[in-house]
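any chance you could fold what I've pasted below:
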Amino acid sequence: LDHHLSDRNSLFLRGNFNTLFQQNAQLGAQIGYSRGRSFNQVDGTIAVGDTFVATPNWVIETRAMFNYNRDFIIPVDPNGPELNVEGFGSFGRDTFLPSASYERHYELLQNTSYHSGRHTIKFGWDINPVRDRVSSDTYFGGRFEFGQEIPLSTLFATALHDPTFAADASAYLTAQGRTDLIPNLSAPISALQAFAVGAPIFYQQGFGDPNWLGWFLRYGFFVQDSWAIRPNLTLNVGLRYDLEVNPSVLGTYPKTLAPRIGFAWSPDSKTVIRGGYGLYYAPSNAQFANVAATLGHTINLVVVTAVGLPTLINPSTGQPLTSIDVYQGLSSEGILGTRPIAATDLQQFGLNIGPNSPGRVVFGTDPYVTAYAEQASLEVEHAFGDYSVSAAYNFSRGVHIAHTVGRNVYQTGTLPDGQPTFGLINPDV
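Below you'll find the model as predicted:
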C-alpha cells in the first residue's frame, strides 16, 4: 500500500505472511524413517515507512518493522533413543529434537540524505531489538553410538567383568604357541558387530529444563559521503558503528567501529577502474547464548563411555559403569524404543543425574568477541566496441568466527602419524 500525503511526503505499508509444513524431512540413504522429522513454520512481517522531502537538498526516510517467526521441528519417533551405527545407518529420535523457537524482531530506523554540489551525504541510526525464546529438548531422548572403536579384549573384559582378561588371554595364546593371534585382541570390532552384541561406544543424555529466553539489543549508527571529486572520479567514504547488547552469558563487545571506502575512476571514455574496502560486523547467533546458558546448567548432561569412569561404579558389577551396562540393562527391561529414558531409570546403575554428577557435560563461552569480515575488491573494465571486458580481484577474510573447542582437555602426546592425543583436566567432566 502506497499513499502520497503531499508532493513532499509519502507513506508505504508492506506485509507478508508465510507458512511451511513439511513431513518426513531428512529421510533416505542411511537415515532411517524413525530418524525423520516434520517442519512447521510460521513467519510474518509488517513494515511501515515515511519519506519526507524537507527541501530539495534534504530527504528524511523513517521506517518501522515487526517480524514474528515460529519454528517447530517434531521427530517421527517421540520416544528415542537415537541409535547411530557408524557407516550403516542412523535410527531413532534425533537427539536434538523436538525443538520449538519463537523470535520477535522489532526495528526502527531513520536515514537522512543531503545533497550539495559535489557531495551526497547520508547518515542515520537503527534500533533493532530481537527477542528469542527456545524450547529445545537437546539430548533428552538419549543417544547410543555404535562404532569401530571397542577392542575385542575390552569387549570380553566388560562382558566377563574381568579387567585382567587381555593379559590372561595373551598369556594363554603364548602358552599355546599362537602368538600370531595376540594382535587380534586389540583389533576393534566393527560398528555393525557392536550393535549386534549391544556394545555402544558411548551413551549420552540430558535432563532438566530446556526453556531459554534472551534479548539481543542492537543499535547502529552510520555516516557516509559520496564525493564527485572530478567528473571522472568519485570517492565514497563511510563509517558505521554497531553495538549489540547480548544476554549476559555472552557479554557485550563494544569495539565495532567499521570504516568503508570506495572509488570509481574513468581515465578515458572506455575504461573504468573501481575499488573498495570495508569492515562488516556480524550479529551474534541466538544459539550461542542458548547452548551456553542451558547445556550443563539448566540441562544436566551425562556421558558414559565403553571404557567407563573410574569414579562411577556400577553396583551390580562392582566395576566402572560403561555404556554397555546402560544399553543392555535398559534394553532387557523393555524401555528402549517404548518410552523416553527417565533419570530414575539410571539410578540402578549408580548414576544420579545432577549438576555435579560424574560424566557430566558442561558448555560455556570464553569472553565473546564480535565476528567481522574484511572485504576488498579491485576491478578494471574496458570497452571494445559493443563489448566490454573486465578483470577483478575480490578479497574476503573472516575474523573471530565462533567455533567449538574442548574446554576440559589437554594434549598428552603425539601419535606416530602426527595426530595429537588428549587427556581430561577433570576426569569427571
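
and after the helix or strand of the chain with the lowest mean pLDDT, which helix or strand comes next?
Across the helices and strands of the chain, mean confidence by mean pLDDT, DSSP states H and E is lowest for strand 360-361: a mean of 70. Sequence order places strand 372-384 as the next helix or strand after strand 360-361, per DSSP states H and E.

distance from the chain centre to that next one, please.
Mean C-alpha position of strand 372-384 versus that of the full chain (C-alpha atoms, centre = their mean, to the nearest Å) differs by 32 Å.

outside of the helix or strand just after it, which residues touch it?
Note on strand 372-384: by DSSP H and E, the next helix or strand toward the C-terminus is strand 387-399. Residues from elsewhere that reach strand 387-399, judged by C-beta atoms under 8 Å, 6 or more residues apart in numbering: 371, 372, 373, 374, 375, 376, 377, 378, 379, 380, 381, 382. Yep, even glycine has a C-beta here, placed from its N, CA and C like the rest.

could you redo the last one with a cut-off of 6 Å?
Applying C-beta atoms under 6 Å, 6 or more residues apart in numbering, the contact partners of strand 387-399 are 372, 373, 374, 375, 376, 377, 378, 379, 380, 381, 382.

contacting residues for residue 175?
For residue 175, the contact set (C-beta under 6 Å, 6+ apart) is empty.

distance of the nearest residue to residue 39 once chain neighbours are set aside from residue 300?
Leaving aside its chain neighbours, residue 39 sits nearest to residue 22 (4.4 Å; criterion: C-beta to C-beta, 6 or more residues apart in numbering). Per C-beta to C-beta, to the nearest Å, residue 22 is found 32 Å from residue 300.

who has more neighbours, these two?
Legend: neighbour count by other C-beta atoms under 10 Å for residue 22 and residue 300, higher for residue 300 (22 against 11).

just confirm the more buried one is within a helix.
No - using DSSP: H, G, I helix; E, B strand; the rest coil, the secondary structure at residue 300 is strand, not a helix.

surely it and residue 353 touch.
Yes - using C-beta atoms under 6 Å, residue 300 is in contact with residue 353, at 5.2 Å.

joint contacts of these two?
Residues touching both residue 300 and residue 353 (C-beta under 6 Å, 6+ apart): residue 207.

is it true that residue 243 touches residue 221?
No - using C-beta under 6 Å, residue 243 is not in contact with residue 221, being 8.4 Å away.

where does pLDDT dip in the stretch 251-400 of the chain?
Scanning the stretch 251-400 of the chain for pLDDT under 70 picks out 358-360.

rerun that using 90 as the cut-off
Along the stretch 251-400 of the chain, the parts satisfying pLDDT under 90 run over 251-252, 269, 283-314, 316-322, 337, 350-370, 385-386, 400.

neighbour count for residue 243 and residue 221, which is higher?
residue 243 (16 against 13).

check contacts around that one.
Contacts of residue 243 by C-beta under 6 Å, 6+ apart are residue 219.

which helix or strand contains it?
strand 233-245.

and the residue nearest the centre of the chain, what element?
Residue closest to the mean C-alpha point of the chain, counted by C-alpha atoms, centre = their mean, is residue 287 at 6.2 Å. For residue 287, the host element (DSSP H and E) is helix 286-294.

and for that helix, what's in contact with it?
Contact with helix 286-294 is made by 132, 134, 212, 214, 247, 249, 250, 363, 364, 365, 402, as judged by C-beta under 6 Å, 6+ apart.

isn't the fifth one right up against residue 214?
What it means is residue 247. Yes - counting by C-beta under 6 Å, residue 247 does reach residue 214; the two are 4.1 Å apart.

how near is residue 327 to residue 94?
Using C-beta to C-beta, we find residue 327 at a distance of 18 Å from residue 94.

who wins for neighbours among the contacts of strand 387-399?
Neighbour counts for the contacts of strand 387-399 peak at residue 372, which has 19 neighbours (criterion: other C-beta under 10 Å).

name the nearest residue to it, ignoring sequence neighbours.
residue 281 (4.6 Å).

and for the one you found, the neighbour number?
If we define neighbours as other C-beta under 10 Å, then residue 281 has 22 of them.

just checking, it touches residue 242?
Yes - here residue 281 reaches residue 242: they are 5.1 Å apart, a contact under C-beta under 6 Å.

now for those two: what residues contact both?
Any residue near both residue 281 and residue 242 by C-beta under 6 Å, 6+ apart counts here, and that gives residue 256.

and the one helix or strand residue 423 maps to, what does it pack onto?
Using DSSP H and E, residue 423 sits within strand 420-424. Where contact means 3 or more C-beta pairs under 6 Å, 6 or more residues apart in numbering; DSSP states H and E, strand 420-424 is packed against strand 409-414.

same for the strand it packs on, what does it pack against?
Counting contacts by 3+ C-beta pairs under 6 Å, 6+ apart, strand 409-414 is packed against strand 420-424.

grab the nearest non-local neighbour of residue 215.
In space, residue 215 is closest to residue 131, 5.4 Å off (C-beta to C-beta, 6+ apart).

just give the number of residues close to that neighbour.
Count around residue 131 with other C-beta under 10 Å applied: 15.

go on, residue 278?
17.

same deal with residue 412?
10.

let me see the contact set for it.
By C-beta under 6 Å, 6+ apart, the contact list for residue 412 reads 421, 423.
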